[in-house]
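S.K.: Mind looking at a prediction? Sequence and model below.
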Amino acid sequence: MRNVEEFVIMITGATDGLGERVATDLAGKGATLLLHGRDPEKGARVLEKIRERSGSQRLHFLQADLSSLAEVRRLASMVGDASRRLDVLVNNAGVGGGEEPRRRESSADGFELRFAVNYLAHVLLTRSLLPLLQRAAQEAGEARIVNVASAAQRAIDFHDVMLEKGYDGMRAYSQSKLAQVMFTFDLAEELKGSGVTANALHPASLMDTKMVREWFGTPRTTVQEGARHLERLILAEELRGVSGTYFDQDRPARADEQAYDLDARRRLRELSYSLLSQSLRWRPRGIAW
C-alpha cells in the first residue's frame, strides 16, 4: 500500500466547502496538494488556514476562473510547472443554480455558465492533464480521476443544450452534473488498461455549503460526511483498479438512464469537442471525431 506522502493531488474548487475540507484532511496526511480557486486573496487565506491546521508546507495555490477556457488551459500549464506527475485529479469546482434561477448566465466563451464551469472546463482540464496522470500510473501503478457529481441529474436536451428557451438554473445544474457522469463513463472506457481510473461521486445530499444554503436554506448533512466519501475514492486501496463507476456516497449506484445511452454519450462528446475546438482551436489526443 502506498504512503499518502507519495501522492500529488490536485483539487479544483479547493477554497470553500467540500474542496477545502478534503484539502485540509489530505494535507494533514502529508500529501502534496495543488489547490485551485478563482479568487487569489481567498486562496491565500485558505492556504494559510490549511497550513496552520495541518502543519503542511506541501501546498500550492493555482488561480484560474473556470468560466474561461483560456484560463483552464493556463491552469493546466501551471499544474505542469508545479509537478512532473499527478496521482489524483479531483474535479470538484462547480456553480449551483444561482441566486436568480431564471436569469441565464453565460461564460467568457459564450456558453451557458453551468455547462461551461461544471462540465466543459473539467473536460478540457482532464484531457490536458492526462499525460501527467499517465506518467504517475506508469511510475506508481495507478492514477485516479474523481469527478464530484450529484444525485441531482437530469437528461440533456440536445435540441437546447445551452437552455436558451425557458431557462432554469437548477435544470442547468442538473444537466451539467449528468454530463460529468457521462464523461466519466467515456473516459473510463478510453483509459482501460492504462492504470488511470475514472469514477464519479455524489458525496452527500444537501451538505452545509454555500450552494446548498443559497438554494435550500437548511442543510441536511455535514461537509465532513461528504469529505469522508470523497477521500475514500481518492485513497482507498480496495478501490484500486475500479473505474467507470458512479458512486452514491460509499456505494456503486445507478446514474440517470441517459448516462448509459451510448448514442447520447456520443452526441455529448462530439458537441463538447466541437465547442472546445471552436473556442481554442483545440483537438483532443487519441479521439476519433
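M.R.: Alright, I've got the coordinates. Numbers count the residues shown, from 1 in each chain.

S.K.: In a strand, residue 9, correct?
M.R.: Yes. According to DSSP: H, G, I helix; E, B strand; the rest coil, residue 9 belongs to a strand.

S.K.: Pairing partners for it in the sheet, please.
M.R.: residue 33, residue 88 (DSSP bridges).

S.K.: so what's it up against?
M.R.: Contacts for residue 9 (Cβ atoms under 8 Å, 6 or more residues apart in numbering) come out as 26, 31, 32, 33, 34, 86, 87, 88, 89, 90, 234. For the C-beta atoms, the positions are set from N, CA and C on the backbone; glycine is no exception.

S.K.: and the gap between it and residue 95?
M.R.: 23 Å (Cβ to Cβ, to the nearest Å).

S.K.: Wait, residue 248 touches residue 151, no?
M.R.: Yes. The criterion here is Cβ atoms under 8 Å, and residue 248 meets it with residue 151 at 6.3 Å.

S.K.: Throw the contacts of residue 9 into TSV and include neighbour count, distance to residue 241 and pLDDT, thanks.
M.R.: Shown next, in TSV, are the contacts of residue 9 (neighbours: other Cβ atoms under 10 Å; distance: Cβ to Cβ, whole Å; pLDDT from 0 to 100):
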residue	neighbour count	distance to residue 241	pLDDT
26	30	21	98
31	24	21	98
32	22	23	98
33	26	24	98
34	23	24	98
86	28	18	98
87	26	15	98
88	23	15	98
89	29	17	98
90	28	18	98
234	22	15	98
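
S.K.: Which member of the residues you listed is positioned nearest residue 49?
M.R.: residue 33 (13.2 Å; Cβ to Cβ).

S.K.: Do a quick rundown of the strands in the stretch 1-150 of the chain.
M.R.: In the stretch 1-150 of the chain, the strands defined using DSSP state E, counting those that start in this stretch lie at 8-11, 32-37, 59-63, 88-91, 143-148.

S.K.: Least confident secondary structure element in this protein?
M.R.: Every helix and strand in the chain was compared by mean pLDDT, DSSP states H and E; the lowest is helix 210-216, with a mean of 55.

S.K.: And the next helix or strand past that helix?
M.R.: As assigned by DSSP states H and E, the chain's next helix or strand after helix 210-216 is helix 223-235.

S.K.: just checking, what packs against that following helix?
M.R.: Applying 3 or more Cβ pairs under 8 Å, 6 or more residues apart in numbering; DSSP states H and E, we find helix 223-235 packed against helix 17-28, strand 88-91, strand 143-148, strand 196-202.

S.K.: give the contact list for the closest residue in space to residue 56 that isn't next to it in sequence.
M.R.: Sequence neighbours aside, residue 27 is the residue nearest to residue 56 in space, at 4.1 Å (criterion: Cβ to Cβ, 6 or more residues apart in numbering). If you count contacts by Cβ under 8 Å, 6+ apart, residue 27 has them with 33, 50, 51, 53, 54, 56, 58, 59.

S.K.: Cheers, nothing more for now.
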